[in-house]
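Novice: sequence and computational prediction follow.
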Protein chains: 2
Amino acid sequence: MNEKRTEIAALGEFGLIERIHSSVIIQNLTSQKGIGDDAAVIDIGTENLLVSTDMLLEGTHFDLSYTPLPHLGYKAVAVNVSDIAAMNGKPQQIVVSLGLSNRFSVEAVDALYEGIRAACQNYKVDLVGGDTTASHAGLVISITVIGRSEKNKTVLRSGGKANDIICVTGDLGAAYLGLQVLEREKEVFRSNPTMQPDIEKYDYLVGRQLKPDARMDIIYELEEKNIVPTSMIDVSDGLASELFHLAKNSKTGIKIFEDKIPVDSMTYETAVEFKMDPITAALNGGEDYELLFTIQPSDFEKLKNHPDIHFIGHLHDNARQHIMISKAGTVVPLQAQGWKHF
Amino acid sequence: MNEKRTEIAALGEFGLIERIHSSVIIQNLTSQKGIGDDAAVIDIGTENLLVSTDMLLEGTHFDLSYTPLPHLGYKAVAVNVSDIAAMNGKPQQIVVSLGLSNRFSVEAVDALYEGIRAACQNYKVDLVGGDTTASHAGLVISITVIGRSEKNKTVLRSGGKANDIICVTGDLGAAYLGLQVLEREKEVFRSNPTMQPDIEKYDYLVGRQLKPDARMDIIYELEEKNIVPTSMIDVSDGLASELFHLAKNSKTGIKIFEDKIPVDSMTYETAVEFKMDPITAALNGGEDYELLFTIQPSDFEKLKNHPDIHFIGHLHDNARQHIMISKAGTVVPLQAQGWKHF
């Protein structure tokens, strides 16, 4: 096409997004915040409208050999809703575009929509439109979600200040290990199709991979307690990568404590079984869809007894210093690995 | 998966959409109009928000062997903007999701965004977000557009009344014949790669296929003349199919006149060259992205001298009678063919 050819891998996903972002010109006053947060922010007068989109491609994001279609439909909605949660917003509408190959029957489409509908009910979201088309490759699911937040309660990645406390919900690394279990069982089944899959004991991990939930429960609880996080992001690419996004946008440094990172015991044991460091799985595994946010120190009292919110460290002034204090008390520089699809 | 397997082709695209639509439950009061129009309508207080999404898949919607990437980027935006135009709205924001295979270089992505940016400038739309991911199949482009209209000026497919005049903009069938020309030249090139492509004389048709424009100009002109169409749709699947959508939603019959259907002379001549009936190309060819709308008879005076709006017939009371009066004066029943991707 052109003489010069630069591989996308040379830029990476974030580099590519930066490149696209840098050439964008904004023309409408209603476009408050564009590329570079979990959702775009659009001014609709009394409230902010939040818009986010996620595309799931067969072969890149899911493997139909072990992914039940209702779970996939549910997950496709949940990952979008999670982006609205990460803005401290509430989802209201989705549009769903599907690319379907002729492998798919009407019954398969029904199964996919069964999951989409279940997620819509759970998150109180309306399916208001979409596009359905034939695909010559695999299954393509593209969803755009529209949500709202009060104007002074929209939370960006950029609002964190030194001394703010870093909070994360739930536990981390489980979805990544669930994927490892599923991939291993697939290999076992391939080499010996009479083998029964051995995934029951990994139920929790596999469930976290196949049917994650957006943490809207946390958003409603924060509202009840009258807490507005200073910055927030959802954990889709791994804790370390998300911490870097918050730090970069908030122009702060990060200090976290290894022993505060929430890891479920099944995640821990399975990581060991797979000869992985459990903390590495929590830091760099993806698809947890938990919320990572920062709060003012004065809000700590209101949250400190919450059973599902963990306080893993704090922001500080040195924007170039991102560190983890290990269980042994040593200082480890944090590294953002993130997902490399390309 | 299930015992029963029904092919999607047995339902067709519209049947599949109906099936999805019928199982949807609306939970939010802000969701004013869901599946079944060119865009969803969301109540944002003083105005209506309009949301539409379109997915373009390599192999189904475009062939990169003859589609320049800047044109493709432009078209992907234009077809979405056209849906907002069809609601009598003005587009303001888009989010763009891309699935890219490793065939694509950074320079190729730049070329695609060159077209996306050109369309954004032309239609005064802001690119505010998206998702970029690796694709193991071909190129996937999914765009969601957000627009607005004044509350009492949103035009649905359902507002047409008997005696309303049916109007269509521009000319029809050209994009379809442009595609035929491109496909023929591709075959010629395949069998003899030293042949020079012979598409210059088909410039207009090829341009209509590769780089269509949304008719926002018409929307602004209707506003100036203080005309609100009674019903509207964009011509993406062919005139006949769109007429059926208007008739079904407005619960009216259709009467059009063959000699009033606008067909460009190049479309006419090329259809003859391809041994096709030009009117069939206009009725059943797709991707014109012109506007098809109905107006109250009292508005006719204000539009009658418009050089690019054609009055092709009218709605009538018998909702089961959709007819065309041929040039010879005979009555021909209209048939909606539409596109069959499946």
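Specialist: Noted; the coordinates are in hand.

Novice: buried ones in stretch A:251-266?
Specialist: With burial defined by 16 or more other CB atoms under 10 Å in any protein chain shown, the residues of stretch A:251-266 counted as buried are A:252-258, A:261-264, A:266. (Each C-beta comes from the backbone N, C-alpha and C, glycine too.)

Novice: so which residue of chain A comes closest to chain B?
Specialist: Per CB to the nearest CB, the residue of chain A with the smallest distance to chain B is A:A137, at 2.5 Å.

Novice: returning to what we had before: A:S105: which of the buried residues of stretch A:251-266 is nearest?
Specialist: Nearest to A:S105, judged by CB to CB, of these is A:M266 at 35.6 Å.

Novice: so what pLDDT did that closest one get?
Specialist: Note for A:M266: predicted pLDDT of 97.

Novice: please apply the same query to A:W339.
Specialist: Predicted confidence (pLDDT) for A:W339: 47.

Novice: quick check, A:I218 in a strand?
Specialist: No: read with DSSP: H, G, I helix; E, B strand; the rest coil, A:I218 is helix and lies in no strand.

Novice: the residue sitting nearest the centre point of chain A and B:K248, how far apart?
Specialist: Nearest to the centroid of the C-alpha atoms of chain A, with distances taken as CA atoms, centre = their mean, sits A:S236, at 2.5 Å. Distance, A:S236 to B:K248, using CB to CB, to the nearest Å: 42 Å.

Novice: and for A:I325?
Specialist: Going from A:I325 to B:K248 by CB to CB gives 66 Å.

Novice: and if you look at A:S52?
Specialist: 34 Å.

Novice: who has more neighbours, those two?
Specialist: Just comparing A:S52 and B:K248: by other CB atoms under 10 Å in any protein chain shown the higher neighbour count belongs to A:S52, 30 against 16.

Novice: run a quick neighbour tally on the closest residue to A:P68 other than its chain neighbours.
Specialist: For A:P68, ignoring the flanking residues on the chain, the nearest one in space by CB to CB, 6 or more residues apart in numbering or on different chains is A:L210 at 7.1 Å. Other residues near A:L210 come to 20 when the count uses other CB under 10 Å.

Novice: contacting residues for A:L210?
Specialist: A:67-68, A:71-72, A:75, A:178, A:182 (CB atoms under 8 Å, 6 or more residues apart in numbering or on different chains).

Novice: now these as TSV including pLDDT?
Specialist: Rendered in TSV, the data for these read as follows (pLDDT from 0 to 100):
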residue	pLDDT
A:T67	95
A:P68	96
A:H71	97
A:L72	97
A:K75	97
A:G178	97
A:L182	95
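
Novice: got JSON lines for these, with distance to B:D164 and neighbour count too?
Specialist: Shown next, in JSON lines, are the contacts of A:L210 (distance: CB to CB, whole Å; neighbours: other CB atoms under 10 Å in any protein chain shown):
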{"residue": "A:T67", "distance to B:D164": "49", "neighbour count": "18"}
{"residue": "A:P68", "distance to B:D164": "49", "neighbour count": "16"}
{"residue": "A:H71", "distance to B:D164": "48", "neighbour count": "23"}
{"residue": "A:L72", "distance to B:D164": "44", "neighbour count": "22"}
{"residue": "A:K75", "distance to B:D164": "45", "neighbour count": "26"}
{"residue": "A:G178", "distance to B:D164": "57", "neighbour count": "27"}
{"residue": "A:L182", "distance to B:D164": "57", "neighbour count": "21"}
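
Novice: quick check: closest non-adjacent residue to the residue of chain A closest to chain B.
Specialist: Sequence neighbours aside, B:A137 is the residue nearest to A:A137 in space, at 2.5 Å (criterion: CB to CB, 6+ apart).

Novice: what do you get for A:M195?
Specialist: A:V188 (5.4 Å).

Novice: what number of residues lie near that neighbour?
Specialist: Neighbours of A:V188 (other CB under 10 Å): 14.

Novice: from A:D198, how far out is it?
Specialist: For A:V188 relative to A:D198 (CB to CB), the value is 8 Å.

Novice: low-confidence stretches in the stretch 201-342 of chain A?
Specialist: Confidence mapping of the stretch 201-342 of chain A against pLDDT under 70 gives the ranges A:337-342.

Novice: relative to strand B:90-100, how tilted is the one helix or strand A:S97 maps to?
Specialist: Taking DSSP states H and E as the definition, A:S97 sits inside strand A:90-100. Using axes from the mean of the first three to the mean of the last three CA atoms, to 10 degrees, the inter-axis angle of strand A:90-100 relative to strand B:90-100 is 50 degrees.

Novice: for strand A:90-100, C-alpha coordinates in PDB please.
Specialist: The C-alpha atoms that make up strand A:90-100 are tabulated as PDB, following Å, rounded to 0.1, in the frame of the first residue of the first chain:
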ATOM      1  CA  LYS A  90     -25.400   4.000  35.700                       C
ATOM      2  CA  PRO A  91     -26.000   2.200  32.400                       C
ATOM      3  CA  GLN A  92     -29.300   2.700  30.600                       C
ATOM      4  CA  GLN A  93     -29.200   1.500  27.000                       C
ATOM      5  CA  ILE A  94     -27.100  -0.800  24.800                       C
ATOM      6  CA  VAL A  95     -27.000  -1.400  21.100                       C
ATOM      7  CA  VAL A  96     -25.700  -4.700  19.900                       C
ATOM      8  CA  SER A  97     -24.100  -5.500  16.600                       C
ATOM      9  CA  LEU A  98     -23.600  -9.200  15.600                       C
ATOM     10  CA  GLY A  99     -21.600 -10.700  12.800                       C
ATOM     11  CA  LEU A 100     -22.800 -14.300  12.300                       C
END
